[in-house]
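Novice: this one's structure only:
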DNA sequence: CCATAACATTTTAAGCTTGCATGATTCTAA
DNA sequence: TTAGAATCATGCAAGCTTAAAATGTTATGG
C-alpha cells in the first residue's frame, strides 16, 4: 500500500513556495534601487543592515548568510571606500565594521529609495503586523 | 531640516528581513535533505516543482528564478538521467520537461524527506493558512 | 501578406553563496 | 594553570543566479 499525498504536506510546500516568491520580490526590489546608486543587491543589503558598528558575524546574521559571504561583500564595499574594517576594541579575533562618511550618506540615500514603492505594498500596515508576528514565530532562533 | 526616519518604513524593512530569514531557513532545510539523495539544493527545488510535464519557463516561474537559471539546473538533472527535454507538442520554441522513471521515484523520496520536520513547524496549521493568504496577497502577479 | 513585436530557450560574463579548511584568539573545565 | 573546545575571520573550490545578447519561433497590426 503506497502512501497517499497528505494535504497538510502539500499545503506546507505551497507556503514555502510563497515565502520564497516574496523573498525574491523583495530581492528584486532592492536590486532595482541598488543599481541607481552603483551598488549590487548584495552590497545594498549589507549597507542597509549596517545600522551601526558591528562585527562580520553580526552582519552575517543580519543578512541571513554565511560569514564567509560577508567577507566577500565587505571586500567590495571597502574597496569603494564605503566601509572600514577596524580592530575590535575588546576581542582581537573580531573586526569592527564602520561606515565611512561617504558610506553613511550613501546609506541614507539607499534607505530613502528603498522606502519608496515598498515590495509589501499589497498589505495594509495591520496585515504587515500580523505577517511580522507570524514570521517571527516561524523563525527558529539558535 | 533633515527627514526623520519614519516608523512605517522601519517596520517594513524589518518584515522584509524576516521574510528573507524564513526563506533562508526553508532553503537550508531543503539543502539538508537534498544531500541525502545526492542532490544540491537547486536541483532538489527543481525536482520538487516538477509536478508534471512543463516548459522551462513554467519551471522558472515555479522556482521564482530566471529562465536562464533553469537551463543551468536542468542541464545537471538531465545529465543524471532524472529529467528529459522533449519537443513541445504545439510550440516549437519551447521544450517540454518530463521526469524519467528514475527521476519520478527520486522525487517521491525527496517529497517524503521534505515532509519530515517541516521548516514551518513553529506555526500551527491555522497560522500557516493565515500566512499563506497574506503571502498570496503580498505577491504581485504580472 | 508582411513587417514587427513578442516569446522560449540558450550562451556567456560577472557576481553571489555555501561548505570546508586554516590561523589566530578566547573560553572553559579539570 | 593549562589542555582542549569553541569562536572570529578569511581563502578557496564548487556551485548558484542574474542580466544581456543571440537564435529560432510565434503572434499581431496594418
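Specialist: Happy to help now that I have it. Since this is a predicted model, take the numbers as computed values, not measurements.

Novice: Enumerate the residues of chain A near DNA strand D.
Specialist: A:24, A:28, A:31, A:55-58, A:67-68, A:70-72, A:74-75, A:85, A:88, A:91, A:93-95 (CB under 7 Å from any atom of the strand). Backbone N, C-alpha and C define where each C-beta goes, glycine included.

Novice: Provide a ChimeraX selection command restricted to the buried entries of those.
Specialist: Remark: buried members of the residues of chain A next to DNA strand D, expressed as a ChimeraX selection using 16 or more other CB atoms under 10 Å in any protein chain shown:
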select /A:24,55,56,58,70,74,95
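
Novice: contact partners of stretch A:75-90?
Specialist: A:40, A:43, A:46-47, A:50, A:55, A:74, A:94-100, A:102-103, A:106 (CB atoms under 8 Å, 6 or more residues apart in numbering or on different chains).

Novice: Which of those residues fall within strands?
Specialist: A:95-99 (DSSP state E).

Novice: Next, find the distance separating the residue nearest the centre of chain A from residue A:85.
Specialist: With distances taken as CA atoms, centre = their mean, the residue of chain A nearest its centroid is residue A:63 (4.1 Å). Separation of residue A:63 from residue A:85 (CB to CB, to the nearest Å): 16 Å.

Novice: Over to residue A:74?
Specialist: 7 Å.

Novice: who touches both of the two?
Specialist: Jointly contacting residue A:74 and residue A:85 under the rule CB under 8 Å, 6+ apart are residue A:97.

Novice: My guess is the residue nearest to the centre of chain A contacts residue A:46. True?
Specialist: Yes: taking contacts as CB atoms under 8 Å, residue A:63 lies within contact range of residue A:46: 6.3 Å.

Novice: I am finished for the moment; much appreciated.
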